[in-house]
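J.: generate coordinates for the sequence data below:
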Amino acid sequence: MVKRNCIICKNGFSGVTNQVTCSDRCKKIRYNLHKKVWKLNNPDVVREQNKKDYKKIYQRNRGRILERNKEWRRKNSWWMKNYKLKYYLKNKDKILSENKKWAEDNPEKMNYFQSKYLKKYKKENPEKIRAHNIANHSGIRGERCQICGINGEEAGYKGIHFHHIDYSKPKEGITVCRTCHNKIHNPTKS
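T.: Numbers count the residues shown, from 1 in each chain. Prediction:
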């Protein structure tokens, strides 16, 4: 037995030659200190281990986490809408280019989604569909935008649209270019 002082609490004790702590309590403290120092010296390894641990925890509690997130979104829907709108306005060009690229890379999925959306739209908006059909086939479209004055040739591929003010009166409305039509329907995005 060798007499020495504990490296944690500095109390004297008698122990074997390689023993440096006086009790299990000091031994745990020393172990935790070594662990903290090791973590500070190896942040990349710790980060990877944490990712693995978080994935395990998520997989174990996935149902509860998703339910909790769903509930939070329901309670804070106003915040989510505001956040999404701010994000969209800040990253509009990036989002639109990514959407366009996805649509070009996945034409069969686009056709599926568009046909699915169109069926739903036609079912939910029969009055609008009727008004659009009458406007398209009756020749009531003008050749010039009534807001900005651009004509059909200057508008190019965008063309001239017919904006219905009241869908129950399908022949009443104004002719507008695509840009002005978008401003009428989405005043905050222009």
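J.: next, count neighbours for the residue nearest to residue 151 when sequence neighbours are not counted.
T.: Once its chain neighbours are removed from consideration, residue 151 has its nearest residue in residue 144; the separation is 4.8 Å (C-beta to C-beta, 6 or more residues apart in numbering). All C-beta atoms are positioned from the backbone trio N, CA, C, and that covers glycine. Counted with other C-beta atoms under 10 Å, the burial measure for residue 144 works out to 16 neighbours.
J.: hmm, residue 144 is touching residue 176, no?
T.: No: counting by C-beta atoms under 8 Å, residue 144 sits too far from residue 176 to count as a contact (9.6 Å).
J.: common neighbours of these two, please.
T.: Both residue 144 and residue 176 are in contact with residue 160, where contact means C-beta atoms under 8 Å, 6 or more residues apart in numbering.
J.: now the element after the helix or strand residue 66 falls within, going C-ward?
T.: In the assignment (DSSP states H and E), residue 66 maps to helix 62-75. Next along the chain after helix 62-75, taking DSSP H and E as the criterion, comes helix 77-90.
J.: okay, the angle between that next one and helix 62-75?
T.: Here helix 77-90 runs at 90 degrees with respect to helix 62-75, directions being taken by axes from the mean of the first three to the mean of the last three C-alpha atoms, to 10 degrees.
J.: helices or strands next to helix 77-90 in the packing?
T.: Judged by 3 or more C-beta pairs under 8 Å, 6 or more residues apart in numbering; DSSP states H and E, helix 77-90 has no packing partners among the helices and strands.
J.: average model confidence for the helix or strand following it?
T.: On the C-terminal side of helix 77-90, the nearest following helix or strand under DSSP H and E is helix 92-105. If you average the pLDDT over helix 92-105, you get 91.
J.: now swap in stretch 49-67 and tell me
T.: 92.
J.: quick one, phi psi at residue 163?
T.: Listed backbone geometry of residue 163 is phi -100, psi 120, with angles given as degrees, to the nearest 10.
J.: swap that for residue 48, sorry
T.: Backbone dihedrals for residue 48, given as degrees, to the nearest 10, come out at phi -60, psi -40.
J.: that one - how many residues pack around it?
T.: 11.
J.: check contacts around it.
T.: For residue 48, no contacting residues are found, by C-beta under 8 Å, 6+ apart.
J.: let's go with 10 Å and repeat that
T.: The contact partners of residue 48, taken as C-beta atoms under 10 Å, 6 or more residues apart in numbering, are residue 42.
J.: so how far is residue 55 from it?
T.: The spacing between residue 48 and residue 55, counted by C-beta to C-beta, to the nearest Å, is 11 Å.
J.: how about residue 40?
T.: 24 Å.
J.: doesn't residue 152 make contact with the residue nearest to residue 151?
T.: Yes: shown here, residue 144 and residue 152 form a contact pair, counting by C-beta atoms under 10 Å, at 7.4 Å.
J.: quick check: neighbours shared by the two?
T.: Contact with both residue 144 and residue 152 is made by residues 160, 175, 177, according to C-beta under 10 Å, 6+ apart.
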